[in-house]
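**Student:** requesting a structural model of the entry that follows:
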Amino acid sequence: MISKNELLQRIPQALDETNLPLAGKQSGKVRDWYDLPDGQRLIVTTDRLSAFDIILAQVPYKGQVLNQLSAWWFEQTKDIIPNHLISMPDPNVSIVRVAEPILVEVIVRGYITGVTSTALWYRYSLGEREIYGYTFPDGLQKNSALPEPIITPTTKGGETGHDERLTCAEVVEKGLLDEKTWNQVQAAALAIFKRGQELARKAGLILVDTKYEFGIASDGSVVLIDEVHTPDSSRFWKADTYEARFAAGEDPENFDKEFVRIAYADKGYRGDGEIPAMPAELWAAASERYITIYEMLTGEIFVPGEYPVQGRLVENLKKAGVI
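**Tutor:** I've put the predicted structure just below:
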């Protein structure tokens, strides 16, 4: 565990980029990272980019919600698989152990939904029944629960292989992971998703689908990394409105980043060309959804922290009584 004195010494260096040069920026994420001694890494929330990396983030407190909600989920699932989090001394900061990311993103789906060309419902609605290595029964309706959650992995990283849709068998066939590791990852992903659905239901939410990222720690163990069950990494619906909307053939109420994505799609924006301007009300409504998800799941009132601007983070931590 990093000591408070070490934290005091390292954070100004990290943010001023003097003795701790920037190690990397996560494309499409809201964090920068700085490598620390002893196999640790400082991750700092920047709220510079949104999760789908073409829209400047204007959702207030989004990064802080992601950080704190992920930490909560790590605690709820640590009996299933260890994670990389060491400590979170500030809403904007995580201290994690360095892990080499596995180049497979594990997407777990509990419902058949979506309208893009790669979505389950889109392909199913065209008559396909063999999708991503699974055989789907006849009679499914849009937004209905699948008989069992399924895994549809995709490649992560690399200029040529990013976001390649795979079957589970292809992960091993293509040499992305050995069979033993992939089996461990699949079992962990399904168990985490089951836990996620249970806790979401208790909170009045439906965990629809999600993506998990795993890594290999220095001791060779598989660990859970990145965000877990946040409005950026998962799709959530409100349980109290789902049944009525489903019966009426309407889409459920999105309580995740789809709310923003749909707003842009309604303006005709598909990721190319000029990004349309959005009213402040959109960002306020999106922020309210993110914070609502946090409060419903954790049972805690969200208390925003100040944003880290250069060395000011140390002052913020002192004010909070952390150091």
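
**Student:** show me the longest helix that occurs in this protein.
**Tutor:** Criterion DSSP state H: the longest helix present in the chain is helix 179-202.

**Student:** hmm, who's touching that one?
**Tutor:** Outside helix 179-202, the residues that touch it by Cβ atoms under 8 Å, 6 or more residues apart in numbering are 73, 76-77, 80-81, 102, 104, 106, 108, 110, 149, 151, 168, 171-172, 176-177, 206-207, 210, 212, 214, 222, 224, 228-229, 234, 236, 239, 297. To be clear about C-beta, it is placed using only N, CA and C from the backbone, and glycine gets the same treatment.

**Student:** which ones among the residues you listed map onto strands?
**Tutor:** 104, 106, 108, 110, 149, 151, 206-207, 210, 212, 214, 222, 224, 234, 236 (DSSP state E).

**Student:** out of those, who's the most crowded?
**Tutor:** Counting neighbours by other Cβ atoms under 10 Å, residue 236 leads the ones in strands among the contacts of helix 179-202 with 29 neighbours.

**Student:** quick one, strands of the chain?
**Tutor:** 24-25, 31-36, 40-45, 85-90, 93-97, 99-101, 104-111, 130-131, 134-135, 145-151, 154-155, 205-217, 222-225, 234-238.

**Student:** so for residue 108, what's the pLDDT?
**Tutor:** We have a pLDDT of 98 for residue 108.

**Student:** my guess is it contacts residue 148, does it?
**Tutor:** No: at 10.6 Å, residue 108 does not count as touching residue 148 under the criterion of Cβ atoms under 8 Å.

**Student:** for residue 205, what are its contacts?
**Tutor:** 236-239, 255, 293, 296-297.

**Student:** who does the residue nearest to it when sequence neighbours are not counted bridge with?
**Tutor:** Excluding the flanking residues, the one nearest residue 205 by Cβ to Cβ, 6 or more residues apart in numbering is residue 236, at 5.2 Å. Residue 236 forms beta bridges with residue 207, as assigned by DSSP bridges.

**Student:** ok, the contacts of residue 205 vs residue 218, which is closest?
**Tutor:** Distance ranking of these against residue 218, using Cβ to Cβ, places residue 297 first at 31.0 Å.

**Student:** out of the ones in strands among the contacts of helix 179-202, what pair is the most spread apart?
**Tutor:** 206 and 222 (27.9 Å).

**Student:** mean confidence for stretch 126-141?
**Tutor:** 96.

**Student:** mind checking the end-to-end distance for it?
**Tutor:** From its first residue to its last, stretch 126-141 covers 13 Å (Cα to Cα, to the nearest Å).

**Student:** what comes up buried for stretch 166-175?
**Tutor:** 166, 168, 170-172 (16 or more other Cβ atoms under 10 Å).

**Student:** list the ones among those that fall in helices.
**Tutor:** In this view, those that belong to helices under DSSP H are 168, 170-172.
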